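S.K.: Sequence unavailable; structure follows:
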DNA sequence: TAGATGTTGTACTGAGAGTACAAACTCATT
DNA sequence: AATGAGTTTGTACTCTCAGTACAACATCTA
(Lines give C-alpha, C1' and ligand atoms only; values in the text may rest on other atoms or scores of the structure.)
Protein backbone atom coordinates (compact mmCIF):
# COMPACT_ATOMS: atom_id res chain seq x y z
CA UNK A 1 0.00 0.00 0.00
CA UNK A 2 1.19 3.53 -0.74
CA UNK A 3 1.55 6.57 1.47
CA UNK A 4 0.84 9.97 -0.02
CA UNK A 5 4.38 10.74 -1.09
CA UNK A 6 4.04 8.24 -3.89
CA UNK A 7 6.51 5.92 -2.21
CA UNK A 8 5.31 2.44 -1.39
CA UNK A 9 5.45 1.79 2.31
CA UNK A 10 7.39 -1.45 2.93
CA UNK A 11 5.48 -4.09 4.84
CA UNK A 12 8.03 -4.04 7.62
CA UNK A 13 7.54 -0.34 8.19
CA UNK A 14 3.77 -0.72 8.03
CA UNK A 15 3.91 -3.46 10.64
CA UNK A 16 6.04 -1.37 12.96
CA UNK A 17 3.69 1.58 12.61
CA UNK A 18 0.90 -0.35 14.26
CA UNK A 19 2.98 -0.06 17.41
CA UNK A 20 2.06 3.60 17.51
CA UNK A 21 -1.69 3.14 17.21
CA UNK A 22 -2.12 2.82 20.96
CA UNK A 23 -0.51 6.17 21.63
CA UNK A 24 -2.64 7.84 18.99
CA UNK A 25 -5.84 6.19 20.23
CA UNK A 26 -5.02 7.25 23.77
CA UNK A 27 -4.15 10.89 23.20
CA UNK A 28 -5.71 11.70 19.88
CA UNK A 29 -3.64 12.60 16.86
CA UNK A 30 -3.44 16.30 17.72
CA UNK A 31 -1.83 15.57 21.06
CA UNK A 32 0.52 12.96 19.71
CA UNK A 33 3.92 14.24 18.67
CA UNK A 34 5.70 12.86 15.66
CA UNK A 35 8.57 11.95 17.95
CA UNK A 36 6.19 9.85 20.01
CA UNK A 37 5.06 8.01 16.91
CA UNK A 38 8.69 7.50 16.00
CA UNK A 39 9.52 6.20 19.47
CA UNK A 40 6.46 3.97 19.79
CA UNK A 41 6.86 2.44 16.35
CA UNK A 42 10.63 2.30 16.20
CA UNK A 43 10.57 4.07 12.85
CA UNK A 44 12.80 7.18 13.01
CA UNK A 45 11.23 10.52 12.32
CA UNK A 46 13.29 11.08 9.18
CA UNK A 47 12.05 7.80 7.78
CA UNK A 48 8.47 8.69 8.59
CA UNK A 49 8.82 11.84 6.55
CA UNK A 50 10.44 9.87 3.79
CA UNK A 51 7.22 7.90 3.33
CA UNK A 52 4.54 10.24 4.61
CA UNK A 53 3.87 13.93 4.25
CA UNK A 54 2.76 14.30 7.86
CA UNK A 55 1.15 12.62 10.80
CA UNK A 56 -2.34 12.81 9.43
CA UNK A 57 -1.17 10.68 6.58
CA UNK A 58 0.42 8.14 8.85
CA UNK A 59 -2.85 7.55 10.64
CA UNK A 60 -4.84 7.59 7.43
CA UNK A 61 -2.51 4.94 6.04
CA UNK A 62 -2.94 2.73 9.08
CA UNK A 63 -6.69 3.05 9.04
CA UNK A 64 -6.89 2.33 5.33
CA UNK A 65 -4.65 -0.67 5.80
CA UNK A 66 -6.70 -2.05 8.65
CA UNK A 67 -9.99 -1.36 6.93
CA UNK A 68 -8.80 -2.99 3.73
CA UNK A 69 -7.98 -6.11 5.68
CA UNK A 70 -11.41 -6.07 7.28
CA UNK A 71 -13.05 -5.45 3.92
CA UNK A 72 -11.49 -8.62 2.64
CA UNK A 73 -12.74 -10.72 5.51
CA UNK A 74 -16.18 -9.19 5.28
CA UNK A 75 -16.40 -9.74 1.54
CA UNK A 76 -15.73 -13.42 2.11
CA UNK A 77 -18.58 -13.59 4.58
CA UNK A 78 -20.86 -11.65 2.27
CA UNK A 79 -20.19 -13.92 -0.69
CA UNK A 80 -20.43 -17.21 1.16
CA UNK A 81 -23.24 -19.61 0.25
CA UNK A 82 -26.41 -19.34 2.31
CA UNK A 83 -29.41 -17.09 2.64
CA UNK A 84 -29.10 -13.32 2.74
CA UNK A 85 -30.10 -13.46 6.35
CA UNK A 86 -27.36 -15.90 7.24
CA UNK A 87 -24.81 -13.84 5.45
CA UNK A 88 -26.00 -10.65 7.12
CA UNK A 89 -25.38 -12.38 10.43
CA UNK A 90 -21.93 -13.46 9.28
CA UNK A 91 -21.03 -10.01 7.99
CA UNK A 92 -22.07 -8.29 11.19
CA UNK A 93 -20.24 -10.87 13.26
CA UNK A 94 -16.99 -10.29 11.39
CA UNK A 95 -17.33 -6.51 11.61
CA UNK A 96 -17.96 -6.47 15.33
CA UNK A 97 -15.32 -9.06 16.05
CA UNK A 98 -12.73 -7.05 14.12
CA UNK A 99 -13.71 -3.79 15.75
CA UNK A 100 -13.32 -5.25 19.21
CA UNK A 101 -10.16 -7.23 18.66
CA UNK A 102 -8.47 -4.24 17.05
CA UNK A 103 -9.58 -1.91 19.75
CA UNK A 104 -6.77 0.62 19.45
CA UNK A 105 -7.28 0.98 15.73
CA UNK A 106 -11.01 1.35 16.28
CA UNK A 107 -10.51 4.04 18.88
CA UNK A 108 -8.11 5.82 16.57
CA UNK A 109 -10.73 5.58 13.85
CA UNK A 110 -13.40 7.15 15.98
CA UNK A 111 -11.03 9.97 16.82
CA UNK A 112 -10.47 10.46 13.15
CA UNK A 113 -14.01 10.04 11.85
CA UNK A 114 -14.14 13.67 10.90
CA UNK A 115 -11.29 13.32 8.49
CA UNK A 116 -12.55 9.90 7.45
CA UNK A 117 -15.71 11.61 6.34
CA UNK A 118 -13.76 14.08 4.23
CA UNK A 119 -10.84 12.18 2.75
CA UNK A 120 -12.40 10.22 -0.10
CA UNK A 121 -9.84 7.43 0.28
CA UNK A 122 -10.71 6.85 3.90
CA UNK A 123 -14.43 7.26 3.42
CA UNK A 124 -14.25 4.67 0.70
CA UNK A 125 -12.34 2.25 2.91
CA UNK A 126 -14.98 2.57 5.61
CA UNK A 127 -17.68 2.09 3.05
CA UNK A 128 -16.05 -0.98 1.55
CA UNK A 129 -15.55 -2.57 4.95
CA UNK A 130 -18.90 -1.73 6.47
CA UNK A 131 -21.57 -0.24 4.26
CA UNK A 132 -21.22 -2.02 0.93
CA UNK A 133 -21.36 -5.60 2.21
CA UNK A 134 -24.39 -4.77 4.33
CA UNK A 135 -26.21 -3.21 1.40
CA UNK A 136 -25.30 -6.27 -0.64
CA UNK A 137 -26.64 -8.96 1.71
CA UNK A 138 -29.67 -6.82 2.40
CA UNK A 139 -30.56 -6.91 -1.28
CA UNK A 140 -29.82 -10.62 -1.49
CA UNK A 141 -31.99 -11.35 1.53
CA UNK A 142 -34.86 -9.36 0.07
CA UNK A 143 -34.50 -11.33 -3.17
CA UNK A 144 -34.33 -14.78 -1.62
CA UNK A 145 -37.08 -13.99 0.88
CA UNK A 146 -34.95 -14.47 3.99
CA UNK A 147 -35.17 -10.78 4.83
CA UNK A 148 -37.98 -8.29 4.52
CA UNK A 149 -37.90 -6.03 1.48
CA UNK A 150 -37.80 -2.66 3.18
CA UNK A 151 -39.21 0.43 1.51
CA UNK A 152 -35.90 2.24 1.22
CA UNK A 153 -33.02 -0.24 1.07
CA UNK A 154 -30.22 2.33 0.84
CA UNK A 155 -31.51 4.17 3.84
CA UNK A 156 -31.91 0.90 5.73
CA UNK A 157 -28.38 -0.17 4.85
CA UNK A 158 -27.14 3.15 6.12
CA UNK A 159 -28.95 2.72 9.42
CA UNK A 160 -27.72 -0.81 9.85
CA UNK A 161 -24.23 0.41 9.10
CA UNK A 162 -24.71 2.99 11.85
CA UNK A 163 -25.97 0.40 14.27
CA UNK A 164 -23.08 -1.94 13.76
CA UNK A 165 -20.24 0.54 13.60
CA UNK A 166 -21.38 2.59 16.59
CA UNK A 167 -22.13 -0.39 18.74
CA UNK A 168 -18.74 -1.83 17.94
CA UNK A 169 -16.87 1.43 18.36
CA UNK A 170 -18.52 2.37 21.61
CA UNK A 171 -17.68 -0.97 23.11
CA UNK A 172 -14.12 -0.52 21.86
CA UNK A 173 -13.94 2.91 23.45
CA UNK A 174 -15.36 2.06 26.85
CA UNK A 175 -13.54 -1.24 27.00
CA UNK A 176 -16.43 -3.62 27.29
CA UNK A 177 -16.40 -6.81 29.27
CA UNK A 178 -18.88 -8.41 26.90
CA UNK A 179 -17.73 -10.81 24.26
CA UNK A 180 -18.01 -10.06 20.57
CA UNK A 181 -20.48 -12.94 20.28
CA UNK A 182 -22.79 -11.51 22.92
CA UNK A 183 -22.75 -8.11 21.30
CA UNK A 184 -23.28 -9.51 17.84
CA UNK A 185 -26.22 -11.58 19.05
CA UNK A 186 -27.84 -8.58 20.64
CA UNK A 187 -27.39 -6.41 17.56
CA UNK A 188 -28.79 -9.10 15.28
CA UNK A 189 -31.72 -9.69 17.58
CA UNK A 190 -32.58 -6.03 17.40
CA UNK A 191 -32.07 -5.76 13.66
CA UNK A 192 -33.95 -8.91 12.76
CA UNK A 193 -36.80 -8.96 15.23
CA UNK A 194 -37.24 -5.24 15.73
CA UNK A 195 -38.89 -3.68 18.74
CA UNK A 196 -42.56 -4.26 18.04
CA UNK A 197 -44.11 -6.54 20.60
CA UNK A 198 -45.12 -10.12 19.94
CA UNK B 1 -22.73 27.79 30.90
CA UNK B 2 -19.09 27.87 31.99
CA UNK B 3 -15.91 27.48 30.02
CA UNK B 4 -12.97 25.75 31.66
CA UNK B 5 -11.32 28.84 33.04
CA UNK B 6 -14.03 29.08 35.66
CA UNK B 7 -15.42 32.20 34.03
CA UNK B 8 -19.00 32.12 32.90
CA UNK B 9 -19.28 32.66 29.17
CA UNK B 10 -21.77 35.49 28.51
CA UNK B 11 -24.69 34.51 26.30
CA UNK B 12 -23.69 37.09 23.74
CA UNK B 13 -20.24 35.60 23.36
CA UNK B 14 -21.68 32.10 23.20
CA UNK B 15 -24.04 33.17 20.44
CA UNK B 16 -21.25 34.74 18.44
CA UNK B 17 -19.13 31.63 18.79
CA UNK B 18 -21.61 29.62 16.79
CA UNK B 19 -20.48 31.71 13.85
CA UNK B 20 -17.23 29.76 13.90
CA UNK B 21 -18.76 26.30 13.87
CA UNK B 22 -18.87 26.19 10.10
CA UNK B 23 -15.15 26.81 9.75
CA UNK B 24 -14.38 24.14 12.32
CA UNK B 25 -16.75 21.65 10.73
CA UNK B 26 -15.21 22.32 7.36
CA UNK B 27 -11.53 22.07 8.23
CA UNK B 28 -11.48 20.15 11.45
CA UNK B 29 -10.30 21.68 14.69
CA UNK B 30 -6.63 20.86 14.10
CA UNK B 31 -6.58 22.80 10.85
CA UNK B 32 -8.54 25.72 12.20
CA UNK B 33 -6.43 28.55 13.59
CA UNK B 34 -7.50 30.48 16.62
CA UNK B 35 -7.39 33.62 14.53
CA UNK B 36 -9.88 32.07 12.15
CA UNK B 37 -12.22 31.34 15.02
CA UNK B 38 -11.77 34.90 16.19
CA UNK B 39 -12.47 36.27 12.72
CA UNK B 40 -15.45 34.02 12.01
CA UNK B 41 -17.09 34.61 15.37
CA UNK B 42 -16.19 38.26 15.81
CA UNK B 43 -14.79 37.51 19.26
CA UNK B 44 -11.18 38.76 19.50
CA UNK B 45 -8.48 36.25 20.27
CA UNK B 46 -7.63 37.90 23.60
CA UNK B 47 -11.25 37.55 24.65
CA UNK B 48 -11.33 33.93 23.62
CA UNK B 49 -8.39 33.24 25.88
CA UNK B 50 -10.05 35.18 28.63
CA UNK B 51 -12.88 32.64 28.69
CA UNK B 52 -11.29 29.50 27.36
CA UNK B 53 -7.98 27.78 27.92
CA UNK B 54 -7.64 26.80 24.27
CA UNK B 55 -9.44 25.94 21.10
CA UNK B 56 -10.36 22.46 22.18
CA UNK B 57 -12.31 24.03 24.98
CA UNK B 58 -14.09 26.40 22.69
CA UNK B 59 -15.42 23.56 20.60
CA UNK B 60 -16.23 21.47 23.65
CA UNK B 61 -18.20 24.37 25.03
CA UNK B 62 -20.19 24.76 21.84
CA UNK B 63 -20.94 21.08 21.61
CA UNK B 64 -22.00 20.89 25.23
CA UNK B 65 -24.18 23.92 24.76
CA UNK B 66 -25.85 22.54 21.68
CA UNK B 67 -26.26 19.08 23.16
CA UNK B 68 -27.73 20.51 26.35
CA UNK B 69 -30.33 22.29 24.29
CA UNK B 70 -31.13 19.10 22.43
CA UNK B 71 -31.26 17.15 25.67
CA UNK B 72 -33.98 19.49 26.88
CA UNK B 73 -36.10 19.07 23.79
CA UNK B 74 -35.62 15.32 23.84
CA UNK B 75 -36.50 15.05 27.51
CA UNK B 76 -39.79 16.78 26.79
CA UNK B 77 -40.56 14.25 24.08
CA UNK B 78 -39.53 11.37 26.31
CA UNK B 79 -41.74 12.50 29.17
CA UNK B 80 -44.81 13.32 27.13
CA UNK B 81 -47.97 11.27 27.67
CA UNK B 82 -48.42 8.28 25.39
CA UNK B 83 -47.09 4.78 24.95
CA UNK B 84 -43.40 4.00 25.09
CA UNK B 85 -43.52 3.30 21.40
CA UNK B 86 -45.02 6.67 20.59
CA UNK B 87 -42.46 8.42 22.70
CA UNK B 88 -39.63 6.47 21.14
CA UNK B 89 -40.84 7.75 17.80
CA UNK B 90 -41.00 11.29 19.14
CA UNK B 91 -37.55 11.09 20.70
CA UNK B 92 -35.94 9.79 17.55
CA UNK B 93 -37.72 12.41 15.47
CA UNK B 94 -36.39 15.23 17.63
CA UNK B 95 -32.87 13.83 17.61
CA UNK B 96 -32.69 13.43 13.86
CA UNK B 97 -34.36 16.74 13.20
CA UNK B 98 -31.88 18.53 15.46
CA UNK B 99 -28.90 16.75 13.95
CA UNK B 100 -29.91 17.74 10.44
CA UNK B 101 -30.95 21.29 11.12
CA UNK B 102 -27.74 21.95 13.05
CA UNK B 103 -25.62 20.36 10.42
CA UNK B 104 -22.43 22.31 11.08
CA UNK B 105 -22.53 21.51 14.78
CA UNK B 106 -23.18 17.88 13.97
CA UNK B 107 -20.28 17.72 11.59
CA UNK B 108 -18.07 19.36 14.17
CA UNK B 109 -19.27 16.77 16.67
CA UNK B 110 -18.35 13.89 14.43
CA UNK B 111 -14.92 15.40 13.96
CA UNK B 112 -14.59 15.56 17.68
CA UNK B 113 -16.08 12.23 18.65
CA UNK B 114 -12.73 11.02 19.81
CA UNK B 115 -12.44 13.70 22.41
CA UNK B 116 -16.15 13.41 23.15
CA UNK B 117 -15.48 9.84 24.13
CA UNK B 118 -12.75 10.90 26.52
CA UNK B 119 -13.89 14.14 28.11
CA UNK B 120 -16.44 13.05 30.70
CA UNK B 121 -18.35 16.31 30.34
CA UNK B 122 -18.86 15.86 26.64
CA UNK B 123 -19.55 12.16 26.84
CA UNK B 124 -22.19 12.92 29.42
CA UNK B 125 -23.78 15.56 27.20
CA UNK B 126 -24.01 13.11 24.33
CA UNK B 127 -25.43 10.52 26.64
CA UNK B 128 -28.04 12.87 28.06
CA UNK B 129 -29.13 14.01 24.62
CA UNK B 130 -29.15 10.64 22.89
CA UNK B 131 -28.66 7.54 24.98
CA UNK B 132 -30.53 8.19 28.22
CA UNK B 133 -33.88 9.15 26.70
CA UNK B 134 -33.78 6.15 24.40
CA UNK B 135 -33.04 3.80 27.27
CA UNK B 136 -35.87 5.43 29.19
CA UNK B 137 -38.62 5.05 26.58
CA UNK B 138 -37.39 1.57 25.77
CA UNK B 139 -38.00 0.54 29.36
CA UNK B 140 -41.36 2.30 29.40
CA UNK B 141 -42.41 0.61 26.20
CA UNK B 142 -41.47 -2.79 27.53
CA UNK B 143 -43.50 -2.06 30.66
CA UNK B 144 -46.62 -0.82 28.91
CA UNK B 145 -46.44 -3.52 26.25
CA UNK B 146 -46.05 -1.17 23.32
CA UNK B 147 -42.52 -2.40 22.68
CA UNK B 148 -40.96 -5.82 22.90
CA UNK B 149 -39.02 -6.58 26.08
CA UNK B 150 -35.63 -7.35 24.62
CA UNK B 151 -33.21 -9.70 26.36
CA UNK B 152 -30.57 -7.07 27.02
CA UNK B 153 -32.14 -3.62 27.25
CA UNK B 154 -28.91 -1.69 27.86
CA UNK B 155 -27.28 -3.28 24.88
CA UNK B 156 -30.36 -2.59 22.76
CA UNK B 157 -30.47 1.03 23.87
CA UNK B 158 -26.83 1.35 22.89
CA UNK B 159 -27.48 -0.06 19.45
CA UNK B 160 -30.49 2.16 18.89
CA UNK B 161 -28.40 5.09 20.00
CA UNK B 162 -25.85 4.05 17.37
CA UNK B 163 -28.49 3.73 14.70
CA UNK B 164 -29.95 7.13 15.32
CA UNK B 165 -26.79 9.14 15.85
CA UNK B 166 -24.91 7.64 12.93
CA UNK B 167 -27.80 7.89 10.53
CA UNK B 168 -28.28 11.51 11.51
CA UNK B 169 -24.60 12.37 11.43
CA UNK B 170 -23.90 10.72 8.12
CA UNK B 171 -26.74 12.58 6.49
CA UNK B 172 -25.39 15.77 8.06
CA UNK B 173 -21.94 15.05 6.69
CA UNK B 174 -22.87 14.14 3.15
CA UNK B 175 -25.50 16.84 2.93
CA UNK B 176 -28.57 14.78 2.27
CA UNK B 177 -31.45 15.83 0.11
CA UNK B 178 -33.89 13.76 2.15
CA UNK B 179 -36.08 15.40 4.74
CA UNK B 180 -35.73 14.71 8.43
CA UNK B 181 -39.19 13.17 8.34
CA UNK B 182 -38.28 10.69 5.64
CA UNK B 183 -35.14 9.67 7.45
CA UNK B 184 -36.92 9.36 10.76
CA UNK B 185 -39.62 7.23 9.21
CA UNK B 186 -37.08 4.91 7.69
CA UNK B 187 -35.14 4.55 10.92
CA UNK B 188 -38.27 3.85 12.90
CA UNK B 189 -39.50 1.34 10.36
CA UNK B 190 -36.25 -0.55 10.69
CA UNK B 191 -36.16 -0.36 14.46
CA UNK B 192 -39.77 -1.30 15.01
CA UNK B 193 -40.42 -3.88 12.31
CA UNK B 194 -36.95 -5.35 12.02
CA UNK B 195 -35.67 -7.16 8.97
CA UNK B 196 -37.30 -10.55 9.34
CA UNK B 197 -39.75 -11.24 6.54
CA UNK B 198 -43.51 -11.22 6.97
C1' DT C 1 -15.76 58.22 42.54
C1' DA C 2 -13.07 54.20 43.59
C1' DG C 3 -12.39 49.54 42.96
C1' DA C 4 -13.45 45.32 40.71
C1' DT C 5 -14.27 42.96 36.72
C1' DG C 6 -14.58 42.58 31.77
C1' DT C 7 -12.63 43.61 26.92
C1' DT C 8 -9.27 43.96 23.64
C1' DG C 9 -4.81 45.26 21.13
C1' DT C 10 0.00 44.28 20.79
C1' DA C 11 4.04 42.11 21.55
C1' DC C 12 6.28 38.13 22.94
C1' DT C 13 7.76 33.04 23.91
C1' DG C 14 8.14 28.31 23.12
C1' DA C 15 6.82 23.95 21.21
C1' DG C 16 6.94 21.17 17.66
C1' DA C 17 5.73 20.17 12.68
C1' DG C 18 7.95 19.79 8.75
C1' DT C 19 12.40 20.57 5.77
C1' DA C 20 17.26 20.26 4.25
C1' DC C 21 20.90 17.70 3.66
C1' DA C 22 24.66 14.76 3.97
C1' DA C 23 26.57 10.38 5.40
C1' DA C 24 26.00 5.72 5.31
C1' DC C 25 23.87 1.58 3.71
C1' DT C 26 21.56 -1.91 0.44
C1' DC C 27 21.13 -3.99 -3.71
C1' DA C 28 21.00 -4.65 -8.60
C1' DT C 29 23.70 -4.34 -12.87
C1' DT C 30 27.64 -4.50 -15.44
C1' DA D 1 34.39 -4.73 -7.31
C1' DA D 2 32.72 -0.67 -9.19
C1' DT D 3 28.92 2.37 -10.37
C1' DG D 4 24.82 4.22 -9.33
C1' DA D 5 19.92 4.36 -7.92
C1' DG D 6 17.12 4.17 -4.18
C1' DT D 7 16.66 3.78 0.96
C1' DT D 8 17.61 4.85 5.88
C1' DT D 9 18.65 7.81 9.37
C1' DG D 10 20.95 11.57 12.27
C1' DT D 11 21.38 16.43 12.93
C1' DA D 12 20.47 20.90 12.44
C1' DC D 13 17.46 24.21 10.88
C1' DT D 14 13.12 27.22 9.86
C1' DC D 15 8.66 28.90 10.59
C1' DT D 16 4.00 28.70 11.91
C1' DC D 17 0.92 29.26 15.56
C1' DA D 18 -0.92 28.20 20.18
C1' DG D 19 -0.85 30.23 24.19
C1' DT D 20 0.91 34.07 27.53
C1' DA D 21 1.88 38.73 29.33
C1' DC D 22 0.46 42.91 30.01
C1' DA D 23 -1.20 47.38 29.61
C1' DA D 24 -4.89 50.48 28.23
C1' DC D 25 -9.49 51.18 28.26
C1' DA D 26 -14.47 50.23 29.30
C1' DT D 27 -18.16 49.05 32.17
C1' DC D 28 -20.44 47.93 36.17
C1' DT D 29 -21.13 48.00 41.32
C1' DA D 30 -21.13 49.93 45.74
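M.R.: Perfect, thanks for sending it. This is a predicted model, so every value here is computed, not measured.
S.K.: make it CA atoms for all contacts and neighbour counts henceforth
M.R.: Fine.
S.K.: For the longest helix anywhere in chain A, which residues meet the burial criterion?
M.R.: In chain A, taking DSSP state H as the definition, the longest helix is helix A:55-79. For helix A:55-79, the neighbour count (16 or more other C-alpha atoms under 10 Å in any protein chain shown) marks A:55, A:58-68, A:70-71, A:73-78 as buried.
S.K.: How about stretch A:143-156?
M.R.: Per 16+ other C-alpha under 10 Å, stretch A:143-156 contains these buried residues: A:145-150, A:153-156.
S.K.: next one: stretch A:157-164
M.R.: A:157-164.
S.K.: repeat for stretch A:180-198
M.R.: For stretch A:180-198, using 16+ other C-alpha under 10 Å, the buried residues are A:180, A:183-184, A:186-197.
S.K.: What lies in contact with the longest helix of chain A?
M.R.: Applying C-alpha atoms under 8 Å, 6 or more residues apart in numbering or on different chains, the contact partners of helix A:55-79 are A:1-4, A:14, A:17-18, A:21, A:29, A:34, A:52, A:87-88, A:90-91, A:94-95, A:98, A:105, A:109, A:121-122, A:125-126, A:128-130, A:133-134, A:136-137.
S.K.: Equivalent analysis for stretch A:167-187, please.
M.R.: Outside stretch A:167-187, the residues that reach it (C-alpha under 8 Å, 6+ apart) are A:92-93, A:95-97, A:99-100, A:103-104, A:106-107, A:110, A:163-164, B:117, B:151-152, B:155-156, B:158-159, B:162.
S.K.: helices and strands of chain A: which one has the lowest mean pLDDT?
M.R.: Ranked by mean pLDDT, DSSP states H and E, the weakest helix or strand in chain A is helix A:113-118, scoring a mean of 88.
S.K.: what about the residue in chain A positioned nearest to DNA strand D, neighbour count?
M.R.: Closest approach between chain A and DNA strand D, counting by C-alpha to the nearest atom of the strand: residue A:47, at 4.0 Å. Around residue A:47 there are 11 other residues, counting by other C-alpha atoms under 10 Å in any protein chain shown.
S.K.: Check for me that it belongs to a strand.
M.R.: No - using DSSP: H, G, I helix; E, B strand; the rest coil, the assignment for residue A:47 is helix, not a strand.
S.K.: Pull the contacting residues for it.
M.R.: Contacts of residue A:47 by C-alpha under 8 Å, 6+ apart: none found.
S.K.: what's the answer for residue A:21, then?
M.R.: Applying C-alpha under 8 Å, 6+ apart, the residues near residue A:21 are A:59, A:104-105, A:108.
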